[in-house]
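>>> everything below, folded, please.
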Amino acid sequence: MKTKRTLTIATVLVALATFTTLAVLRGTRQVHAQDQVPPPTNDRISFGMVGITQGQTLRVNVSNVLAVSDSGFPPGPTRVAIIIINSHGDPFRHRDGSLVRRVVMLERGESAFLDLNADDFQFPPGPSRLQLRAVVNVTPPPIGEFPPPVGDNPPPIGDNPPPVNDRIVTSVEVFNNNGRTVFALAAPASIRTLPPPIPD
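Numbers count the residues shown, from 1 in each chain. Coordinates of the predicted model:
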């Protein structure tokens, strides 16, 4: 009788231990190693507001000034999105409702621009101006995508792109449609690092 009771207790204890072990193992989440290549950090370059009127064009210029031979930073093109914002902070649109926007992939040494010709937009009667500002969103090449080392002493390669104002140069120009520049702005006061985009 005593042996039967001891076996019953032992069986209950083994079953309880097995159940507890299974519960712990089932509740444990798999741990994944963090990606070796962190997502690139985006930067936003914002200009102050400028006014243009009929007969004038607003041009936003962007240049990737990294040297082709500079092996200290990630290779590959930099994604640049140029947009125009109105005085209410909303994206400015063409008459058909599409955004006044240009997205380009700039290789090292390349430049691009976006033109907004005031003559292409509807003005209310009387003297008036379009009050606009330019915003440039910059996404550098992914960090860590480097070519394999060559030779015994390959040059050191950095883990991060240089600050945005050391690799991307922007300016805003307003010129009369006869080609004469009215003014140009460079070195904007507002450069902000943005968090990485949330994956889709």
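>>> show me the helices in the chain, by range?
Ranges of helices within the chain are 2-27, 164-167, based on DSSP state H.
>>> can you pull up the bridge partners for the nearest residue to V138 once chain neighbours are set aside?
In space, and not counting its chain neighbours, V138 is closest to D43: 4.6 Å by CB to CB, 6 or more residues apart in numbering. Bear in mind the C-beta positions are built from the backbone N, C-alpha and C, glycine included. Taking DSSP bridges as the rule, D43 bridges to V138, T193.
>>> and if you look at V103?
Counting by DSSP bridges, the residues bridging with V103 are A81.
>>> neighbours of it, how many?
Neighbour count for V103, taken as other CB atoms under 10 Å: 13.
>>> how close does it get to T139?
As judged by CB to CB, to the nearest Å, V103 and T139 stand 10 Å apart.
>>> anything in contact with each of the two?
Common neighbours of V103 and T139, using CB atoms under 8 Å, 6 or more residues apart in numbering, are R79, V80, A81.
>>> for the residue nearest to V138, give its distance to P124.
Distance from D43 to P124, by CB to CB: 36 Å.
>>> more neighbours, those two?
D43 (21 against 6).
>>> would you confirm that that one contacts V135?
No - in terms of CB atoms under 8 Å, D43 does not count as a neighbour of V135; the distance is 11.0 Å.
>>> and the pLDDT for A118?
On pLDDT, A118 comes in at 94.
>>> sorry, wrong one. I was asking about R95.
Looking at R95, the pLDDT reads 88.
>>> ok, it - contacts?
With CB under 8 Å, 6+ apart, R95 has these contacts: D120, F121, Q122.
>>> and if we set it to 7 Å?
By CB atoms under 7 Å, 6 or more residues apart in numbering, the contact list for R95 reads F121, Q122.
>>> one more: the one 5 residues further on?
Residues counted as contacts of V100 (CB under 7 Å, 6+ apart) are I84, F92, R93, H94, L116.
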